[in-house]
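J.: Predicted model and sequence follow; I will ask about them next.
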Amino acid sequence: MAGSNFVDYVKIFCRSGKGGKGSTHFHREKTIPKGGPDGGDGGRGGHVIMRANKDLWTLIHLKYARHCFAGHGEGGSKSRSFGKDGKDIIIEVPLGTVAYDGETGEFIAELPEHGQEFCLVKGGRGGLGNWHFRSSTNQTPHYAQPGEPMQERTVVLELKVLADVGLVGFPNAGKSTLLSVVSAAKPEIANYPFTTLVPNLGIVSYRDNKSFCIADIPGIIEGAHEGKGLGLRFLRHIERNAILLFMVPADADDIKKEYEILLNELAQYNPELLDKQRLLAVTKCDMLDEELTEALQKGIPEGIKTVFISSVANIGLTELKDMLWEELNKEENRVMTISHRPIDLRIIEKEEPEEEIDYEEIPEEEEEEENFKGIGWDEQ
């Protein structure tokens, strides 16, 4: 998951297909000069459908393909033949993708499971042929229904990383170092703030061939919920973690204060995050002796399980894995449902300026010339 290839926000323009028009054909044979109406129905317009795919990890495939146009339905024909349905457009997205309305910011749908589908824009229904309008008083209807028109919609897709454990902490708290030690992930590690610019995922091996997934979220600073640092851009990834592991370095001035700042940022962003199980790992403890460790324990927040670790010296990592596995197997921690609030489209940070979307319509099909008269759906 290279930094340049990680895209977790994209805005797309969707347009469904219009329905095909009904036919006004009349049956004619050598022996049956007046066979009556036999015009078939038009085909349905294509849908624009969003489908979850477990093999995808980013929305980069949609970054340069933001126009999704479904096919139009074909018109009906003689002998009550139905027109062909328009081709559906399937938009493959990673698990955990959330769709919002691009005009209002309202929540549309979320796809957390593989193969799950949601229709973003429905295609127009095909028009009824003149065969449907025959009656004892109108035996030769010279009209049929036109197909329903296409629908257009702008949709914002946001990816929220799915992981069992989310690492929460200030920049340089040791999150990436921990991930690199307990898993095969190779995040960038350096001695400066905001080394991690995109979320990184790692699979942690546990006893008896068991495993769980950890997400390394870019560092959070005070005021992140207001857009400072990388806050608004990556706080959403924490919403899909079952357990939150807060990480505070042992050389922090006040461990309890830093923990409370981090907790407040999550509460300001989404109060429901406070309902998730929280653990605390005090990092960079390789230089501590027993006396310093006892002194630090006095400043630990109350009511939260804490473990002292050092990723470099491999101290406390086994205890940390045991603690995480125990919490992950508790039934109350397995549920990761969370309600979605409307997003503010004005303050959402974009990776690059939105390209100008061309809404020019595809040329309309030519109407049949033989006495075609349309009757609308609301006139039935």
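T.: Yep, it's here.
J.: which ones are touching the residue most central in space within the chain?
T.: Per C-alpha atoms, centre = their mean, the C-alpha nearest to the average position across the chain is that of residue 97, at 1.3 Å. By C-beta atoms under 8 Å, 6 or more residues apart in numbering, residue 97 lies in contact with 50, 52, 59, 110-111, 157-160. Bear in mind the C-beta positions are built from the backbone N, C-alpha and C, glycine included.
J.: what's the closest of those to residue 32?
T.: Among those, residue 50 lies closest to residue 32 (C-beta to C-beta), at 49.4 Å.
J.: The closest one: which element?
T.: Assessed by DSSP states H and E, residue 50 sits inside strand 48-52.
J.: Next: residue 177.
T.: Taking DSSP H and E as the criterion, residue 177 maps to helix 175-182.
J.: next SSE after that helix?
T.: Assigned by DSSP H and E, the successor of helix 175-182 is strand 200-205.
J.: Please report how far the residue nearest to the centre of the chain lies from residue 58.
T.: 10 Å (C-beta to C-beta, to the nearest Å).
J.: Identify the contacts common to those two.
T.: The contact sets of residue 97 and residue 58 overlap at residue 159 (C-beta under 8 Å, 6+ apart).
J.: Please give the centre-to-centre distance between stretch 53-71 and its chain.
T.: Per C-alpha atoms, centre = their mean, to the nearest Å, the displacement of stretch 53-71 from the mean C-alpha position of its chain is 11 Å.
J.: For it, which residues meet the burial criterion?
T.: For stretch 53-71, a neighbour-count test (16 or more other C-beta atoms under 10 Å) marks 53, 56-59, 62-63, 66, 68-71 as buried.
J.: quick one: which of those residues is nearest residue 279?
T.: Closest to residue 279, out of all of those and judged by C-beta to C-beta, is residue 57, at 25.5 Å.
J.: Would you mind measuring from that closest one to residue 90?
T.: Applying C-beta to C-beta, the value for residue 57 to residue 90 is 18 Å.
J.: same check, this time on residue 281
T.: 42 Å.
J.: ok, now residue 208?
T.: Distance from residue 208 to residue 90, by C-beta to C-beta: 39 Å.
J.: what about these two, which has more around it?
T.: The neighbour count for residue 208 versus residue 90, taken as other C-beta atoms under 10 Å, is higher for residue 90 (14 against 4).
J.: Looks to me like that one is in a helix.
T.: No. If the criterion is DSSP: H, G, I helix; E, B strand; the rest coil, then residue 90 is strand and not within a helix.
J.: contacting residues around it?
T.: 49, 51.
J.: How confident is the prediction for it, by pLDDT?
T.: With respect to pLDDT, residue 90 scores 95.
J.: Quick check: the gap between it and residue 153.
T.: As judged by C-beta to C-beta, residue 90 and residue 153 stand 16 Å apart.
J.: do the same with residue 270
T.: 26 Å.
J.: any idea which of the contacts of residue 97 is closest to residue 141?
T.: Nearest to residue 141 among the contacts of residue 97 is residue 50, at 40.0 Å by C-beta to C-beta.
J.: related to what we said a few turns ago, which helices and strands sit right next to the helix holding residue 177?
T.: strand 163-169, strand 200-205, strand 211-216, strand 277-283, helix 317-328 (3 or more C-beta pairs under 8 Å, 6 or more residues apart in numbering; DSSP states H and E).
J.: now those in CSV, with distance to residue 35, mean pLDDT and mean neighbour count?
T.: Formatted as CSV, these follow (distance: least, C-beta to C-beta, whole Å; pLDDT from 0 to 100; neighbours: other C-beta atoms under 10 Å):
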stretch, distance to residue 35, mean pLDDT, mean neighbour count
strand 163-169, 66, 84, 25
strand 200-205, 66, 82, 19
strand 211-216, 67, 84, 21
strand 277-283, 73, 89, 23
helix 317-328, 71, 90, 17
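J.: Turn the ones you listed into CSV, columns for distance to residue 106.
T.: Shown next, in CSV, are the helices and strands packed on helix 175-182 (distance: least, C-beta to C-beta, whole Å):
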stretch, distance to residue 106
strand 163-169, 26
strand 200-205, 29
strand 211-216, 27
strand 277-283, 30
helix 317-328, 33
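J.: So which of these is nearest residue 242?
T.: Comparing the helices and strands packed on helix 175-182 by C-beta to C-beta, strand 163-169 comes nearest, at 5.1 Å.
J.: Just the angle for that closest one relative to strand 277-283, thanks.
T.: Angle, strand 163-169 to strand 277-283, by axes from the mean of the first three to the mean of the last three C-alpha atoms, to 10 degrees: 50 degrees.
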